[in-house]
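[1] Provided below for reference: sequence and predicted model.
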Amino acid sequence: MNEKHITLCNKLLYYLVAPGLLLYFISIDSGIITSSFSVLAIFGLAILLGVGIPMIYKKKNPEYKFNISSKYANAMAILVILELTYNMSK
C-alpha cells in the first residue's frame, strides 16, 4: 500500500465511519431504528480495519502524518459528549 491508499483509509474512517456510527446511535436513541448486532459488528470491523491498516503503515513509515481539521475534530467531540450525556441521563 502507498501513502495515497492510507490517506484514503483515514479519510473514510474519520469522515464516513465515525459520523455514521454517531448517527446510528442517535437514531437508536430517537427510536427511529432498533439496535442490531450485525450493524455494530460491521462498524466494529470498519473501525478495526480503519485503525489497523494505518498503524501498520505508520510503523513502517514513521514520517507519515494524517491531519484532520481541528474544527471537525472539535465538532465530533462535542457531538459524542452530547450523545454520551443523553445516554447517561436516561
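    Received it, and whenever you're ready, just let me know what you need. Numbers count the residues shown, from 1 in each chain.
[2] what are the ranges of the helices in this structure?
    For the chain, the helices defined by DSSP state H occupy 3-12, 18-30, 37-60, 70-89.
[3] give me the neighbour count for residue 21.
    Counted with other Cβ atoms under 10 Å, the burial measure for residue 21 works out to 18 neighbours. Every C-beta, even on glycine, is put in place using the N, C-alpha and C of the backbone.
[4] how about residue 6?
    Residues near residue 6, counting by other Cβ under 10 Å: 19.
[5] what residue ranges in the protein are flagged as low confidence?
    When residues are selected by pLDDT under 70, none of them lie in the chain.
[6] leaving aside the residues next to it on the chain, what's closest to the residue nearest to the spatial centre of the chain?
    Closest to where the C-alpha atoms of the chain average out (Cα atoms, centre = their mean) is residue 18, at 2.6 Å. Spatial nearest neighbour of residue 18, chain neighbours left out: residue 76 (6.3 Å); criterion: Cβ to Cβ, 6 or more residues apart in numbering.
[7] thought the one you found was touching residue 19?
    Yes. In terms of Cβ atoms under 8 Å, residue 76 counts as a neighbour of residue 19; the distance is 7.3 Å.
[8] pretty sure the residue nearest to the centre of the chain sits against residue 75.
    No. The criterion here is Cβ under 8 Å, and residue 18 misses it with residue 75 at 11.1 Å.
[9] pull up the overlap in contacts between those two.
    When Cβ atoms under 8 Å, 6 or more residues apart in numbering defines a contact, no residue borders residue 18 and residue 75 alike.
[10] now residue 25: how far from residue 57?
    Plainly put, residue 25 is 29 Å away from residue 57 if you go by Cβ to Cβ, to the nearest Å.
[11] ditto for residue 78
    From residue 78 over to residue 57 the distance is 30 Å, taken as Cβ to Cβ.
[12] residues near residue 10, how many?
    Residue 10 is flanked by 19 other residues according to other Cβ under 10 Å.
[13] any idea how far it lies from residue 49?
    For residue 10 relative to residue 49 (Cβ to Cβ), the value is 11 Å.
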